[in-house]
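# after the sequence you'll find the predicted model.
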Amino acid sequence: MAEVIRMPLLSDTMTEGKILKWNKQVGDKVKGDDVLADVETDKATMEVVGYADGTLLYIGVPEGKAAQINEIIAIVGKEGEDYKSLLDGGSAAPAPAPAPAAATETAAAPAPSAPAASGVDADALAQQLGVTVIRMPLLSDTMTEGKIIAWNKKVGDAVKADESLADVETDKATMEVIPYVDGTILYTGVEAGNAAKVNEVIAVIGKAGTDISALVSAFKNPGAAAAPASAPAATTTTAAVSAPAAVASTTASSTENGRLKASPLAKKIAAEKGIDLHAVQGSGDGGRIIKADIDNYKPAAAAASAPAAKAATPSAPVIAFTPGAGEGFVDTPNSNMRKTIARRLGESMFTAPHFYLKMELNMDNAMAARAQMNAISPVKISFQDMMIKACAMALRKHPAVNSSWMGEFIRTYNHIHIGSAVAVDQGLIVPVFKFADQKSLSQIASEANGLYDKARTGKLQPQEFTGNTFTISNLGMMDIEDFTAIINPPDSCILAVGRIKEIVIKKADGSFGTTNVMKVTLSCDHRSVDGAVGSSFLQTLKKYIENPVTMLV
């Protein structure tokens, strides 16, 4: 069935989004994680992901035009599928065989005042009832699901358009869901503590007293409309069959033209476990047996156990070993943030060809300059603040490093937004310092205090952790001398910064003394940044850090 793609809520204050560019065209094949379009919101430029596999059948908003929240912007489905009814509020389906005249007349009959869920599209039914369906919004550019931390309103409460319905934990922060409509909460579909996929129904708002039981049934049984008229009788008959007959029906559904339908992995595991595939019910496409079916298989009857062998009594008994504590482990569910870190950095590491450039910086002058600046600065300046400023100024001289690989082209940014990675309890988040090259060290330090505090308390807003063009990861405060970092998409480079270390050196006069050094490693995406380009950037960065006064001129 075709999937409707609507304009998502990409920021907490957004009411519409402007389509800057369509990355896919009608007729293109798309995957669930493909970026369909670049959208300009009231705060940032973000990406719209369709979360549906298939063919792009329809584009409803041309480039340069804006769409309201929840407005249909695209439709994805099977190639050649009829989607026109979706634009009128109906449901799309592949072109069926011509129906008998009697069936056509029945379908055209007026809808009853209290329509049943079966055969009725949920969106069309909501429109008929005059209610608004609230779906899980896309609250960050990498979000795939949101966890309801708390409902701020309950069923029966009146709500205004600008009030907060619920607090939602995304992969990067805790944010609020705003309904943008006045009314009464008639239904909540996700309990506090549970997660919902993006675009999944989480609430219904409408006029108090509206009967939405049919609508709720449509939410819970989205496939009911596709069932043929004879389905209820067939289902009843199947349910009444005894256990042996159920096994027989399984065999039939997993067998096609005498050939057993099972994945190669399922066959391998079944052979290792000694499981007869004819006794396994397949849950894959067309009854195909997959790995999960083998893992969950339980035989109808347990084999008779063999008599226990008589244990031999040792002639000289040995005191049995008793461990102080038994074996065990703890499974910790992955947070949305941890899932996103795994997905995005995994994609980066195995998609972008990384190479690494290492350099040692002398920090004597930087340490002296920082002490002098902090004596007069209204806010304490850290070495990370100095590194942000130095990188921003070096990027201005080496714009090729301030870029993104876009597949068919390389995008070089005119603006410089530096991301600074921060460790939090749930994983890692990257607050972004916008236009860092244009700010003073005191301004960067003041902004850092606010951003880092928000990051640790989960209060960062989307515009504060998106839009980075270059990233810095600093582990010096944890006594790490040298490490490499994985590039943070969409950047082409990330700088790993180690700790400042005092070492002994031999001076020109033959005597020995000490100096302070810091090692940095630049990870580069070789598709967009070459070795000479990255090396030139590091040389410029070294000049700024080793002579901080040059950053002030």
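Perfect, I can see it now. Every value quoted in this text rests on a predicted model; they were computed, and no experiment measured them. Numbering: from 1, shown residues only.

# going forward, measure contacts between C-alpha atoms and count neighbours the same way
Fine.

# the closest residue to residue 516 other than its chain neighbours: what's it in contact with?
Closest residue in space to residue 516, ignoring its immediate chain neighbours: residue 502 at 4.4 Å, by CA to CA, 6 or more residues apart in numbering. Neighbour list for residue 502: 514, 515, 516, 517 [criterion: CA atoms under 8 Å, 6 or more residues apart in numbering].

# select only the buried ones of these in ChimeraX?
Applying 16 or more other CA atoms under 10 Å to those leaves a buried subset, and the ChimeraX line that selects it is:
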select :516,517
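
# out of the contacts of residue 502, list just those in strands.
514, 515, 516, 517 (DSSP state E).

# how about TSV for these, with pLDDT added?
Formatted as TSV, those follow (pLDDT from 0 to 100):
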residue	pLDDT
514	95
515	96
516	96
517	97
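
# closest one of those residues to residue 52?
residue 517 (50.8 Å; CA to CA).

# quickly find the element holding residue 143.
For residue 143, there is no host helix or strand (DSSP states H and E).

# now do the SS call for the residue nearest to residue 516.
Under the three-state scheme (DSSP: H, G, I helix; E, B strand; the rest coil), residue 502 adopts strand.

# per-residue confidence at it?
With respect to pLDDT, residue 502 scores 95.

# residue 495 now?
Listed pLDDT for residue 495 reads 98.

# quick check: bridge partners of it?
When bridges are assigned using DSSP bridges, the partners listed for residue 495 are residue 472, residue 522.

# could we number from 28 for the rest of this?
New numbering, starting at 28: the last item is residue 522.

# quick check: residue 61 touching residue 82?
No - with contact defined as CA atoms under 8 Å, residue 61 does not count as touching residue 82 (11.7 Å).

# between these two, which one's more packed in?
More crowded of residue 61 and residue 82, by other CA atoms under 10 Å: residue 82, with 22 against 17.

# are we agreed that the more buried one is in a strand?
Yes - counting by three-state DSSP, residue 82 is found in a strand.

# who's in contact with it?
53, 54, 55, 56, 57, 103, 104, 105, 106 are the contacts of residue 82 under CA under 8 Å, 6+ apart.

# of those, which belong to strands?
56, 57, 103, 104.

# out of the residues you listed, flag the one nearest to residue 504.
Using CA to CA, the ones in strands among the contacts of residue 82 come closest to residue 504 at residue 57, 43.8 Å.

# which residues touch that closest one?
Neighbour list for residue 57: 51, 79, 80, 81, 82, 83 [criterion: CA under 8 Å, 6+ apart].

# again, but for residue 188
205, 206, 207, 208, 209.

# the fourth one reaches residue 190, doesn't it?
No - using CA under 8 Å, residue 208 is not in contact with residue 190; the gap is 9.2 Å.

# re the thing from before, okay, the ones in strands among the contacts of residue 529 in a markdown table with distance to residue 185 next?
Shown next, in a markdown table, are those (distance: CA to CA, whole Å):
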| residue | distance to residue 185 |
| --- | --- |
| 541 | 70 |
| 542 | 67 |
| 543 | 63 |
| 544 | 62 |
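
# show me which of those residues is closest to residue 395.
residue 543 (11.1 Å).

# which of the contacts of residue 188 has the weakest pLDDT?
For the contacts of residue 188, the pLDDT minimum is residue 207, 78.

# so it touches residue 189, yeah?
Yes - with contact defined as CA under 8 Å, residue 207 reaches residue 189; the gap is 5.9 Å.

# who's more crowded, these two?
Ranked by neighbour count (other CA under 10 Å), residue 207 and residue 189 place residue 207 first, with 17 against 13.

# what's near enough to touch the more buried one?
Each residue near residue 207 by CA under 8 Å, 6+ apart is listed here: 187, 188, 189.

# if we use 6 Å, what do you get?
188, 189 (CA atoms under 6 Å, 6 or more residues apart in numbering).

# measure it to residue 216 for me?
18 Å (CA to CA, to the nearest Å).

# do a quick rundown of the strands in the stretch 378-527 of the chain.
381-389, 430-432, 437-439, 445-447, 449-451, 454-456, 459-460, 497-501, 520-533 (DSSP state E, counting those that start in this stretch).

# list the strands paired with the third one, with their directions.
Looking at strand 437-439 with DSSP bridges, its partner strands are strand 430-432 (antiparallel).

# what comes up buried for the partner strand?
Neighbour counts over strand 430-432 (16+ other CA under 10 Å) mark 430, 431, 432 as buried.

# please apply the same query to stretch 507-524.
Quick answer for stretch 507-524 (16+ other CA under 10 Å): 508-524.

# please apply the same query to stretch 172-180.
Within stretch 172-180, the residues scored as buried using 16+ other CA under 10 Å are 172, 173, 174, 175, 176, 177, 178, 180.

# now that stretch - C-alpha only, CSV.
Extracted in CSV, the C-alpha atoms of stretch 172-180 (Å, rounded to 0.1, in the frame of the first residue of the first chain):
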residue,chain,number,x,y,z
GLU,A,172,11.3,7.2,16.9
GLY,A,173,10.5,9.2,20.0
LYS,A,174,9.9,8.0,23.6
ILE,A,175,7.0,9.6,25.5
ILE,A,176,8.6,10.7,28.8
ALA,A,177,5.4,12.2,30.1
TRP,A,178,1.9,13.3,29.0
ASN,A,179,1.2,16.9,30.0
LYS,A,180,-2.4,16.4,29.1
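
# pLDDT on that stretch, on average?
Stretch 172-180 comes out at a mean pLDDT of 90.

# hang on, residue 499 packs against residue 522?
Yes - taking CA atoms under 6 Å as the definition, residue 499 is a contact partner of residue 522 at 4.8 Å.
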